[in-house]
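J.: give me a model of this one.
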Amino acid sequence: MTRTKQSARKSSGGLAPRITTRDPHRKATCFLDLSDDTIRLIGEYVNGDFDIPLPSFGPHWMNFMSEIGGTASKNLTHLRATCRRIRGAVFLQNSHIVLKELPSTTSNQNIWIKEASKDFKNTISRALISFEPRKSKDPIVFWNEFTSTLGDMNLEELIIKSAPFCHHLDFWSDHDIDGADETTWYKPLGEFLHRPFGHIFDSLQSLSIETRCPQCVADLPLLFVPAARKLGHLRIDHEPLKPPLHDEEAAIWDPDEAFKAPFELWRTEHGKEMGLKTLHIHYVDPRSDLRSVEWSNVIGNAFSTFRQLEKFSITRTQGIFRHLVPGITLKVFNRGGGWNFEIDDGLSLALTSLDVFIYSLSAPPTLKSFDPVFRLRIGSGRPCISSPISGESGPEFFQKHELALALKARNQEMYEPNLMNAMKAVSWKMIDLIPSLEEGAFWEQGTDSTDCDWYRWTWKKSSNSDGLISIEIDQFPLLLSRDFVKC
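T.: Numbering: from 1, shown residues only. Sure thing, here's the model as predicted:
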């Protein structure tokens, strides 16, 4: 977010300043000689929230610690505490809160929010919800207090890592699950919790639902998305639900229906199409053999639902450890002086051309960034020098190591230039297929030292003063460990 946009975003809400006057003919010799407007502008720059974009989150593989925290407005608070003049001139605005307990809980970690004035609560623009798993009480009681607590705030961004009203966690966190009540585990929240009414989330523009509870992953978008009329940035999981073992009449999870449901509710609630700008999806593959028919349908559904979308990513994982797997494996080769791009969808021996695949998605005309985790395959792949592993004998390792060194010396000089040329060729092809596209990324599974980690190369489109377009690709890739990118 640019500084102009960020400043405009901060103009709403906050505690009103007390207007003071100063002699316009007096020469400014110290900070307090500045006008109230100038001091107020300095206060906006001092606020730690100023440099945090909206949304503050990225794709699911980008597992950085959230920038939302109680110390974001620390410098602004210190500035306002300097003297009465500055306190009266500077807004208190765009504060953050991290909720780990509700005000009514016995530990009273957030009891201050219950006692705070309504004007102060109105300055809170970002909230991070991170509750510890526990034996929950009545979820309706927790839900009512939760929505009441957030309703006094002026939230623009909400990140939910775990919810206080989740009644499913007891099932999968207990070691002894044989005696668990499956009717509780599989009961959707929407059956007994109502969507937030009134104007609780009228200002909400950015929402990320990151809870690890599969049922909450399915239920929370149905509760929060329709209530946020200004929602422009969304980060969600798309995870298959298993029906109860003893419920023969339970509906089978439909990925298309599950994805569209919250957005259809939004359209019904507000009487228009949803103008989402950013969408990050974590797709938990229900198959164990890297073959999933539904995966590309999720992309197609997203593109057909949000025709104003600008940024889109889909991160695909598998297994109980949720390790990242390639979204699109693209085989690139130069045959007869021309580049060929073929997608291996894992469904058959036949390959699909990149053109056919992209056309089938029908990307929105506003799309600027597209990252479905493109994995490039160039020839035999990157030469890798691996380290010894536990249980491997010395002679066995060194024999393998010498062969790997010889192979790397022979192929390295050819591999890097070929890879760079291939990435440029694919980038130009993507711009040709999606003219609005401005940036993207290519992934390599396997680095110089391990087959498990990833390299990620970013490419961007740029143009000069004459309107000539060029492609810029990272000279060096981003190294991402297997553990960092898992979801």
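
J.: sort out which residues of the lengthiest helix in the chain are buried, please.
T.: Longest among the helix segments of the chain by residue count, using DSSP state H, is helix 394-433. Neighbour-count burial for helix 394-433 flags 408, 411, 415, 418-419, 422-431 (criterion: 16 or more other CB atoms under 10 Å). (Glycine included, C-beta is placed from N, CA and C.)

J.: now do it: which elements does it pack against?
T.: Applying 3 or more CB pairs under 8 Å, 6 or more residues apart in numbering; DSSP states H and E, one finds that helix 394-433 makes contact with strand 328-335, strand 338-344, helix 354-361, strand 374-377, strand 439-445, strand 454-463, strand 469-473.

J.: next, the angle from that helix to strand 338-344.
T.: With axes from the mean of the first three to the mean of the last three CA atoms, to 10 degrees applied, the angle from helix 394-433 to strand 338-344 works out at 110 degrees.

J.: I'd like the average pLDDT over helix 394-433.
T.: Helix 394-433 shows a mean pLDDT of 81.

J.: of all the buried residues of helix 394-433, which comes closest to Leu102?
T.: When the buried residues of helix 394-433 are ranked by distance to Leu102 (CB to CB), Met430 comes first, at 46.9 Å.

J.: would you agree that closest one is in contact with Phe370?
T.: Yes - Met430 lies in contact with Phe370 (CB atoms under 8 Å); the separation is 7.5 Å.

J.: quickly list what's touching both of those two.
T.: Common contact partners of Met430 and Phe370 (CB atoms under 8 Å, 6 or more residues apart in numbering): 437, 440.

J.: out of the helices and strands packed on helix 394-433, nearest to Arg482?
T.: Nearest to Arg482, of the helices and strands packed on helix 394-433 and by CB to CB, is strand 454-463 at 7.3 Å.

J.: just the strands in the stretch 251-400 of the chain please.
T.: Applying DSSP state E, counting those that start in this stretch to the stretch 251-400 of the chain gives strands spanning 278-284, 311-318, 323-324, 328-335, 338-344, 352-353, 369-371, 374-377.

J.: likewise for the stretch 51-200 of the chain?
T.: Residue ranges of the strands in the stretch 51-200 of the chain, as given by DSSP E, counting those that start in this stretch, are 95-99, 124-130, 157-162.

J.: so which of these gets nearest His78?
T.: strand 95-99 (13.6 Å).

J.: what average pLDDT does that closest one get?
T.: 87.

J.: what angle do it and strand 157-162 make?
T.: 10 degrees.

J.: which outside residues touch strand 95-99?
T.: Outside of strand 95-99, the residues within contact range by CB under 8 Å, 6+ apart are 49, 68-70, 72-73, 110, 113, 120, 123-131, 149, 153.

J.: would you list the buried entries among those residues?
T.: The neighbour-count test (16+ other CB under 10 Å) marks 49, 68-69, 72-73, 110, 113, 120, 123-131, 149, 153 as buried among the contacts of strand 95-99.

J.: using PDB, write out every CA atom in stretch 425-434.
T.: Output of stretch 425-434 as PDB, limited to C-alpha atoms (Å, rounded to 0.1, in the frame of the first residue of the first chain):
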ATOM      1  CA  ALA A 425      10.000 -17.700 -22.400                       C
ATOM      2  CA  VAL A 426       7.200 -18.900 -20.000                       C
ATOM      3  CA  SER A 427       6.800 -15.300 -18.600                       C
ATOM      4  CA  TRP A 428       6.300 -13.900 -22.100                       C
ATOM      5  CA  LYS A 429       3.800 -16.600 -22.800                       C
ATOM      6  CA  MET A 430       1.800 -15.900 -19.600                       C
ATOM      7  CA  ILE A 431       1.700 -12.200 -20.500                       C
ATOM      8  CA  ASP A 432       0.400 -13.100 -24.000                       C
ATOM      9  CA  LEU A 433      -2.300 -15.400 -22.400                       C
ATOM     10  CA  ILE A 434      -3.200 -13.000 -19.600                       C
END
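
J.: gap between that stretch and the chain center?
T.: Centre-to-centre, stretch 425-434 and its host chain are 25 Å apart (CA atoms, centre = their mean, to the nearest Å).

J.: what sits against Leu437?
T.: 367-370, 430-431, 461.

J.: grab the nearest non-local neighbour of Pro221.
T.: Residue nearest to Pro221 in three dimensions, not counting chain neighbours: Pro262, with 4.0 Å by CB to CB, 6 or more residues apart in numbering.

J.: typo on my end, Asp36
T.: Asp36's closest residue in space is Ala89 (CB to CB, 6+ apart), at 4.2 Å.

J.: gap between that neighbour and Ser470?
T.: Distance of Ala89 to Ser470, given as CB to CB, to the nearest Å: 47 Å.

J.: those two: which has the busier surroundings?
T.: Ala89 (23 against 11; other CB atoms under 10 Å).

J.: how close does that one get to Ser436?
T.: Distance from Ala89 to Ser436, by CB to CB: 44 Å.

J.: and if you look at Leu361?
T.: 13 Å.

J.: quick revisit: CSV for the helices and strands packed on helix 394-433, including mean pLDDT?
T.: Below are the helices and strands packed on helix 394-433 laid out as CSV (pLDDT from 0 to 100):
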stretch, mean pLDDT
strand 328-335, 84
strand 338-344, 83
helix 354-361, 90
strand 374-377, 88
strand 439-445, 93
strand 454-463, 94
strand 469-473, 93
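
J.: neighbours around Pro139, how many?
T.: When neighbours are counted by other CB under 10 Å, Pro139 registers 20.

J.: skipping its backbone neighbours, what lies nearest it in space?
T.: Spatially, and ignoring its direct neighbours in sequence, Pro139 is nearest to Phe165 (4.2 Å; CB to CB, 6+ apart).

J.: could I get the strands of the stretch 251-400 of the chain in JSON lines, plus columns for distance to Asp466 and mean neighbour count?
T.: Below are the strands of the stretch 251-400 of the chain laid out as JSON lines (distance: least, CB to CB, whole Å; neighbours: other CB atoms under 10 Å):
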{"stretch": "strand 278-284", "distance to Asp466": "32", "mean neighbour count": "21"}
{"stretch": "strand 311-318", "distance to Asp466": "28", "mean neighbour count": "22"}
{"stretch": "strand 323-324", "distance to Asp466": "40", "mean neighbour count": "18"}
{"stretch": "strand 328-335", "distance to Asp466": "29", "mean neighbour count": "17"}
{"stretch": "strand 338-344", "distance to Asp466": "26", "mean neighbour count": "16"}
{"stretch": "strand 352-353", "distance to Asp466": "33", "mean neighbour count": "14"}
{"stretch": "strand 369-371", "distance to Asp466": "25", "mean neighbour count": "21"}
{"stretch": "strand 374-377", "distance to Asp466": "30", "mean neighbour count": "20"}
